[in-house]
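Participant: build me a model:
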Amino acid sequence: MLKYAIIFAVISLVAGLLGFGGVAAGAAGIAKLLFGLFLVLAVLFVVLAALGVGAVKKAID
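Facilitator: This next block holds a predicted model:
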């Protein structure tokens, strides 16, 4: 997902440099959405992993 966010950010930069403002704005919006979704999922998985480590430790003891 982060890969696609970076791809859309690059597309936005190239389109902006070439003067395609509408395409650049659309690609930038998609890149922001994908990056935000990536951050939310990354934090969620880190929290779940931290909780899972505690559960495994309790099960072993």
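Participant: which phi and psi does I11 have?
Facilitator: phi -60, psi -40 (degrees, to the nearest 10).
Participant: so it makes contact with A27?
Facilitator: Yes: using Cβ atoms under 8 Å, I11 is in contact with A27, at 4.4 Å. For the C-beta atoms, the positions are set from N, CA and C on the backbone; glycine is no exception.
Participant: who has more neighbours, these two?
Facilitator: A27 (21 against 18; other Cβ atoms under 10 Å).
Participant: burial measure for V47, as a count.
Facilitator: By other Cβ under 10 Å, neighbour count at V47 equals 10.
Participant: send the alpha carbons of stretch 48-60 over as PDB?
Facilitator: Coordinates of each C-alpha in stretch 48-60 appear next as PDB, following Å, rounded to 0.1, in the frame of the first residue of the first chain:
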ATOM      1  CA  LEU A  48      -2.100  -6.000  18.000                       C
ATOM      2  CA  ALA A  49       1.400  -7.500  17.900                       C
ATOM      3  CA  ALA A  50       2.200  -5.900  21.300                       C
ATOM      4  CA  LEU A  51      -1.000  -7.400  22.800                       C
ATOM      5  CA  GLY A  52      -0.300 -10.700  21.200                       C
ATOM      6  CA  VAL A  53       3.200 -10.900  22.700                       C
ATOM      7  CA  GLY A  54       1.700 -10.500  26.200                       C
ATOM      8  CA  ALA A  55      -0.900 -13.200  25.500                       C
ATOM      9  CA  VAL A  56       1.700 -15.700  24.400                       C
ATOM     10  CA  LYS A  57       3.900 -14.900  27.400                       C
ATOM     11  CA  LYS A  58       0.900 -15.500  29.700                       C
ATOM     12  CA  ALA A  59       0.100 -18.800  27.900                       C
ATOM     13  CA  ILE A  60       3.600 -20.100  28.300                       C
END
